[in-house]
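[1] Structure for the following, please:
(2 chains)
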Amino acid sequence: MIIVKEISSCIRNLPKHLITAIQSIWRNGVMSASSIFAVTITLLLIGLIGVVAINVQDMTTSVEESLTIYVQLESDASAEDVQQVGEEINKIGQIKSVVYSSKESELDKLIDAYGEDGQSLFGTYKGEENPLGDAYVVEVEDAQNLSQIAKQIMNIDHVNKTNYGGESTAELVKTLENVRNGGAIFIVALGIIALMLISNTIKVAITARQTEISIMRMVGASNWYIRIPFMIEGILIGLFGAVVPCLILMFGYTAMYNQMNGVFFSSLLSLRPASPFVYQFSLILAGLGSGVGLVGSYFSIRKFLKF
Amino acid sequence: MIKLQGVTKKYKTGVHALNKMDLSIEPGEFVYIIGPTGAGKSTFIKLLYREEKATSGNVIVDGVDVSSIKNRHVPYFRRKIGVVFQNYRLLPRRTVFENVAFALEVIDTPKTQIRTRVKETLRLVGLEDKANAYPHQLSGGQQQRVAIARAIVNSPKVLIADEPTGNLDPSTSREIIEILMKINKEHKTTVIVVTHDITIVEEYKQRTITIADGCVSSDTMAGGYDYSERN
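    Below you'll find the predicted structure:
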């Protein structure tokens, strides 16, 4: 019964609590401002790292998807030999797919790759004169195994050469993963710092209103009645702190995305489209800010409300 | 109204504040609590409004064992008790009216009721013409009267005054005690006054309980100190 009464009282008094919270932020101006500033910095960094991490994630996925080994066979390999090689590759394991490409289509690809000059340069090799061998495009499951599998394929008879993104691809994948993990740790650390700053600010706000709180407790105000203004204050500090990071994210990322034509130097590394990503991410930042504010204020007021 | 049965209070610091204290106060009584500093007077009243919990024994207020009240219910229990302190504890940025109304606002009293009850209570303590003044514009005695108004505006069953005249001159002290007696008489509120002020105790004779070394050392209806105890 008391719970129902307290919840309805909280809702009824929400406008009053909101005014109290805003007054409190205003009265402890310097402290509130520094707290808001701390949230801003934290969310900016979280935003920056988050944007990088999310794009890295996308890129890693796309790079990982294109982890293929190009296997060129000897040009004099017979049809049976070619088939034999295909079967042996499949036996290696950790392989996602093996796609056969005939020497004719290999030549067509070569001609295409050279663009307008392609036909005049290589056009004459079509038919019997084709010096190229058949090929397999092998897709592996895990980038880590790339070089090892390539080596194993090299040992199969009638394989002329294997070609893959090489160590650099694997290295890139690894670097991207490190960035992602490092970023996550950094974000958690920053979140804790912001939490501590907010809870400190709320502690100061509580101290400033200690007489008021002691009177409220004396005359029988419920704990929620006392607590809610401070929780609102924490949420507001978090939200105010999120304004600048969200604006920077929305306008900054969109501008950067347009400037770079949606890719990061190479078309392999495409950026996540600005909309709706920036809005979703802004929402997350605002949620993080207010959440941290809420938790911070809850913890700092807890010890003042013990009986 | 108030009953203590073998109440012992030991603080975590090792201080032994109350030692098997037995006491009974009937509804509508006016009681002085006196005794030397450190005798356990403050602990006694803190037990009454559940600021502290007894280590052992029962503290019963208005039929409820205070120690057994759940934390969540303590605010509701406190609505039955009004407390006045030596240092008034008024909110400096609020007017007299707002200070008194504050006690009702925070327990969700409807606005229309707040107005009439605050006005009535200010009339009772003789401050109806100071409703819009701020605490710093008032004398000590007037501030204490605001504090009393705030403590009783919710019509509590028990009014506890902890050294209410400690900061006041003798004539103002008399005014305060007279107001407390008036509340006791007109509202049938049980009033407990903790005091060091012997002149008051002897002038306005009422039941006087002396606490020494954590228990009741004398309990007399004659008023004043029980001198026989001191020899």
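[2] Report the contact partners of the residue sitting nearest the centre point of chain B.
    Central residue of chain B (C-alpha atoms, centre = their mean): B:Ile160, 1.2 Å from the mean position. By C-beta atoms under 8 Å, 6 or more residues apart in numbering or on different chains, the contact set of B:Ile160 is B:Ile45, B:Leu48, B:Tyr49, B:Ile81, B:Gly82, B:Val83, B:Val84, B:Ile192, B:Val194. Quick note: C-beta positions are derived from backbone N, CA and C, even for glycine.
[3] Can you tell me the SS state at the residue nearest to the fifth one when sequence neighbours are not counted?
    Of all residues beyond its chain neighbours, the one nearest B:Gly82 is B:Ala151 (3.2 Å), with distances taken as C-beta to C-beta, 6 or more residues apart in numbering or on different chains. B:Ala151 carries the three-state label helix when classified by DSSP: H, G, I helix; E, B strand; the rest coil.
[4] Sketch out the low-pLDDT regions of chain A for me.
    Low-confidence segments of chain A, defined by pLDDT under 70: A:60-66, A:143, A:165-170, A:172-173, A:265-269.
[5] which secondary structure elements does the lengthiest helix in chain B contact?
    In chain B, assigned by DSSP state H, the helix with the most residues is helix B:170-187. Here helix B:170-187 touches strand B:30-34, helix B:111-124, helix B:140-152, strand B:158-162, strand B:190-194, helix B:198-203, going by 3 or more C-beta pairs under 8 Å, 6 or more residues apart in numbering or on different chains; DSSP states H and E.
[6] looking at those, which one has the lowest mean pLDDT?
    Looking over the helices and strands packed on helix B:170-187, mean pLDDT reaches its minimum on helix B:198-203, with a mean of 89.
[7] how far out from the middle of the chain is that one?
    Offset of helix B:198-203 from its chain centre (C-alpha atoms, centre = their mean, to the nearest Å): 17 Å.
[8] What is the neighbour count of residue 76?
    No chain in the question, so chain A it is. Neighbours of A:Asp76 under the rule other C-beta atoms under 10 Å in any protein chain shown: 9.
[9] actually it's chain B I care about, not the one you picked
    Other residues close to B:Tyr76 by other C-beta under 10 Å number 14.
[10] That one falls within a strand, correct?
    No - under three-state DSSP, B:Tyr76 falls outside any strand and is assigned helix.
[11] For stretch A:4-13, list the C-alpha coordinates in CSV.
    Extracted C-alpha coordinates of stretch A:4-13, given in CSV (Å, rounded to 0.1, in the frame of the first residue of the first chain):
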residue,chain,number,x,y,z
VAL,A,4,1.5,2.6,-4.4
LYS,A,5,1.0,5.8,-2.3
GLU,A,6,4.7,6.8,-2.7
ILE,A,7,4.7,6.2,-6.5
SER,A,8,1.6,8.3,-7.0
SER,A,9,3.0,11.0,-4.7
CYS,A,10,6.2,11.0,-6.8
ILE,A,11,4.4,11.4,-10.0
ARG,A,12,2.1,14.1,-8.6
ASN,A,13,5.2,16.0,-7.3
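[12] Give the pairing partners of the helix or strand hosting A:Val137; include direction for each.
    Assigned by DSSP states H and E, A:Val137 belongs to strand A:135-140. Taking DSSP bridges as the criterion, strand A:135-140 forms sheet pairs with strand A:68-73 (antiparallel), strand A:95-101 (antiparallel).
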